[in-house]
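**Q** next input, structure requested:
(chains A and B)
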Amino acid sequence: QKEVEQNSGPLSVPEGAIASLNCTYSDRGSQSFFWYRQYSGKSPELIMFIYSNGDKEDGRFTAQLNKASQYVSLLIRDSQPSDSATYLCAAGGYQKVTFGIGTKLQVIP
Amino acid sequence: GAVVSQHPSWVICKSGTSVKIECRSLDFQATTMFWYRQFPKQSLMLMATSNEGSKATYEQGVEKDKFLINHASLTLSTLTVTSAHPEDSSFYICSAREYRGGHNEQFFGPGTRLTVL
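**A** You can find the predicted model right below:
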């Protein structure tokens, strides 16, 4: 069973703080890793993808990948109340992408 | 780029009727599309993988005769919920896979909220 594990949360952080979201995956053959944001009642929106070990930064978001540890993380700097959502981690190869259950993030004003 | 649309965005129907949901990739060709279902406060559940020109691959526990999938072109997949019942009420989301930069990326449609009375 190819799994992607996430803590469902909720993760609460104060406005302006760094939110750290973590994810592990079981399939060592996974080549592509994604973070999606899903607001309540809406469909997921792709916010970051990472394919190589290390860090990838895009604005306030930084994705980190460690293939040896099978670990993916997403850091959100200067967290805003509008960042409050569920963040889905996904790992995939050629065939399909496997999603985690998502971590609910609450940014407290 | 990479826009996926769904139609309708919501539908209310009577028990026993069939409902068709369309998923379109607007600016790219998608040989593979996926259909998910999401119940309130639960995670995405993959129902089936839809491949253009061939039969869909259903996940374990998903009835293929109840959830009919047709992927007749590179930009359109349809999901028909046949003889819908109240327990089929859910948020149905499609996604389309695009191969770019040596990797497959998956983009979601806005979802269709189905309510069966």
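
**Q** low-confidence ranges, chain B, go.
**A** Across chain B, residues meeting the criterion (pLDDT under 70) sit at B:1.

**Q** the same query, at a cut-off of 80, please.
**A** For chain B, applying pLDDT under 80 flags the ranges B:1, B:100-104.

**Q** tell me which parts of it are close to chain A?
**A** B:32, B:34, B:43-44, B:46, B:49, B:91, B:93, B:97, B:102-111 (CB under 8 Å from any CB of the partner chain). Just so you know, the C-beta spots here come from the backbone N, C-alpha and C atoms, and that holds for glycine as well.

**Q** what parts of chain A come near chain B?
**A** Near chain B, when you scan chain A using CB under 8 Å from any CB, you find A:31-32, A:34, A:36, A:41-46, A:49, A:51, A:88, A:90, A:92-94, A:96-97, A:99-102.

**Q** mind doing that once more with 10 Å?
**A** A:6, A:8, A:31-34, A:36, A:38, A:40-46, A:49, A:51, A:86, A:88, A:90, A:92-102, A:104 (CB under 10 Å from any CB of the partner chain).

**Q** so what does the least confident helix or strand in chain A by mean pLDDT touch, helix or strand wise?
**A** Scoring the helices and strands of chain A by mean pLDDT, DSSP states H and E places strand A:97-99 at the bottom, with a mean of 85. Under the contact definition 3 or more CB pairs under 10 Å, 6 or more residues apart in numbering or on different chains; DSSP states H and E, strand A:97-99 sits against strand A:4-5, strand A:32-38, strand A:85-92, strand B:45-51, strand B:103-108.

**Q** 8 Å - rerun?
**A** strand A:32-38, strand A:85-92 (3 or more CB pairs under 8 Å, 6 or more residues apart in numbering or on different chains; DSSP states H and E).

**Q** A:Ala68: which of these is closest?
**A** For A:Ala68, the closest of those is strand A:32-38, at 13.8 Å, according to CB to CB.

**Q** contacts for the next helix or strand after the closest one?
**A** Downstream of strand A:32-38, the next assigned helix or strand under DSSP states H and E is strand A:45-50. The contact list for strand A:45-50 (CB atoms under 8 Å, 6 or more residues apart in numbering or on different chains) reads A:32-38, A:56, A:58, A:61, A:63-65, A:72, A:74, B:103, B:105-108.

**Q** can you select the buried ones from the residues you listed in ChimeraX?
**A** Buried subset of the contacts of strand A:45-50, written as a ChimeraX selection, criterion 16 or more other CB atoms under 10 Å in any protein chain shown:
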select /A:32,33,34,35,36,37,38,61,63,64,65,72,74 /B:103,105,106,107,108
